[in-house]
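Engineer: With the sequence up front, the predicted model follows.
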Amino acid sequence: MDDTVNRGESKKVTVIGAGISGLVAARELERRGHRVEVLEGSGRIGGRILTHRFASGPGAPLVELGAMRIPGDHLYTMHCITELGLVDRLRDFRSLFTDGGAYYATGAGPVRIRDAAEALVADFRRAVPGRRYADGSVLLGAWLMAAGHAIAPAYFRADLRADLWLDLLDAVDRIDVSPFFDDAGRRVDLHAFFAAHPEVKMTGNGRLDRFLDDVLSETSPELVRLEGGMDQLVHGVHGQVRGQVRCGQEVVGLTVCEQGVLLDIRHGDHIRTRHCDYVLCTVPFSSLRRMRLAGLSAAKSAVIRDMTYWAATKVAFHCREPFWEQDGISGGASFCGGRVQQTYYLPVEGDPADGAALLASYTIGADTAGFDALPTSVRHAAVLQELGGIHPELLRPGMVLDAVSMPWGRYRWSEGAASVRWGLDTAAAERERRLAAEPEGRLFFAGEHCSSTPAWIEGAIASAVRAADEIDAHTVRRGAPCAARRMEGASR
């Protein structure tokens, strides 16, 4: 016989993972009247939000080794910032192509972005030979391809075959692009163009459509950051959670049964089994598949096993001074090619005597292969040598005071930087999202991988709110207790 509980009845929920998704979910569950505990396997909270400070003090140079930017239309994230009283800390995030003095690696070598049009058009014509388009269409295609090359890993760039670009250019060629040129007629405002002509972006090819969405998001003039560090989000939400948030609690096994979930939790050399009424798992599937899992449906097991995660590696330098300003660069980013890929010139917001932070290298996907496996000091030296080819000031004695890096693909607690669906068509991407988010009995799921905005804080927060609503509304079926519950408290 089925027996239900009222929506408002208090449930006891164990949240696995103290990243932003787990912390927001804990807060939202408590607001709905439930009792919550959070278990985090690592020694810190925050997950893939990781702010590194090169010195102590409120104005110390800092770099975001994890999430570093927020699109202005990400409403869940902006609402969270508002709730935490951090709106006055919002600042523009200057991305690729926002500073004409920055560099772009073309087939003719690195050139200033303000002077890159001719080289980019030449690169574009080599990539799509044998077809004639209006000059404006070619210029738009050249800048769009440049943005894509700067953002996507090499193998994905190669997989975007020329015919996909041609399908897009066929649509663009029917439109007068000239209203979107700059005064010199050498740049195209991609964001204004696609805002005015959204139909062009709906090519019918889901892979290309999502790729374009990400290109436009990552180069948007509406991106923002938090002055003082993105970890203010983490600590702000953590401060709103009343239940325990315990680090060093590694879940190594998970069994779904009719009356709850059994968790195997490592304590030093021992593993203790605990019965939990409700569990919300927010850890990435790349990490979850390392656990011993039982009681899951075949569909859930498959999506956990098959979800794609991209690696990402960041290398940052603490510099004696913002030398790039003397080179005519006020901020933004360069695309350097090679191992370095993207370089971000970070603002100096504290005492200039404390120096400046430079995100010297940001690589994603297969471009990190081998690079992330290097010993840390060798990786730092490789970035210094390569980037020194564009910025020889880096090689001056005493210019680099310190260095830090994070190879997310090899970080034990995530084994990847973010889930990605670029290789899936629209229907397959939605099917994967739905399967990832689907509860299994009293086991629920949240995290950016369970959302329609993977790889963004927005997806992590939105999925946390959704999961809290699902748990709150869940009705309990009374049945036999877990067969394995008698093992609760056992060690092995």
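Structural biologist: Nice, I can see it. Residues are numbered from 1 along each chain as shown.

Engineer: can you count the residues close to Ala108?
Structural biologist: Neighbourhood size, Ala108 [other CB atoms under 10 Å]: 12. C-beta here means a position set from N, CA and C on the backbone, and glycine is covered the same way.

Engineer: which non-adjacent residue is nearest it?
Structural biologist: Nearest residue to Ala108 in three dimensions, chain neighbours excluded: Ala119, at 4.6 Å (CB to CB, 6 or more residues apart in numbering).

Engineer: ok, now which ones touch that neighbour?
Structural biologist: 106-108, 111 (CB atoms under 8 Å, 6 or more residues apart in numbering).

Engineer: and these, which two are the farthest apart?
Structural biologist: For the contacts of Ala119, the farthest-apart pair by CB to CB is Gly107 and Val111; their separation is 10.2 Å.

Engineer: more crowded one of the two?
Structural biologist: Higher neighbour count among Gly107 and Val111: Val111, with 16 against 10, using other CB under 10 Å.

Engineer: Ramachandran coordinates for the residue nearest to that one when sequence neighbours are not counted?
Structural biologist: Closest residue to Val111 apart from its sequence neighbours, by CB to CB, 6+ apart: Ala119 at 5.5 Å. Note on Ala119: its backbone torsions stand at phi -70, psi -40 [degrees, to the nearest 10].

Engineer: Quick check, pLDDT for Ala119.
Structural biologist: We have a pLDDT of 94 for Ala119.

Engineer: Tell me the spacing between it and Thr98.
Structural biologist: Using CB to CB, to the nearest Å, one obtains 19 Å as the distance from Ala119 to Thr98.

Engineer: could you pull out the helices for the stretch 351-492 of the chain?
Structural biologist: Using DSSP state H, counting those that start in this stretch, the helices of the stretch 351-492 of the chain run over 376-387, 426-437, 457-473.

Engineer: Now render these as JSON lines, adding mean neighbour count.
Structural biologist: Shown next, in JSON lines, are those (neighbours: other CB atoms under 10 Å):
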{"stretch": "helix 376-387", "mean neighbour count": "17"}
{"stretch": "helix 426-437", "mean neighbour count": "17"}
{"stretch": "helix 457-473", "mean neighbour count": "23"}
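
Engineer: could you redo those helices as TSV and give each row mean pLDDT?
Structural biologist: Below are those laid out as TSV (pLDDT from 0 to 100):
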stretch	mean pLDDT
helix 376-387	96
helix 426-437	94
helix 457-473	98
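
Engineer: who wins for proximity to Val404 among these?
Structural biologist: Here helix 376-387 is closest among those (CB to CB), at 8.4 Å.

Engineer: what packs against that closest one?
Structural biologist: Other helices and strands packing on helix 376-387, by 3 or more CB pairs under 8 Å, 6 or more residues apart in numbering; DSSP states H and E, are strand 312-319, strand 356-364, strand 400-407.

Engineer: how about the strands in the stretch 251-400 of the chain?
Structural biologist: 260-267, 270-276, 278-281, 292-294, 309-310, 312-319, 333-337, 341-345, 356-364, 400-407 (DSSP state E, counting those that start in this stretch).
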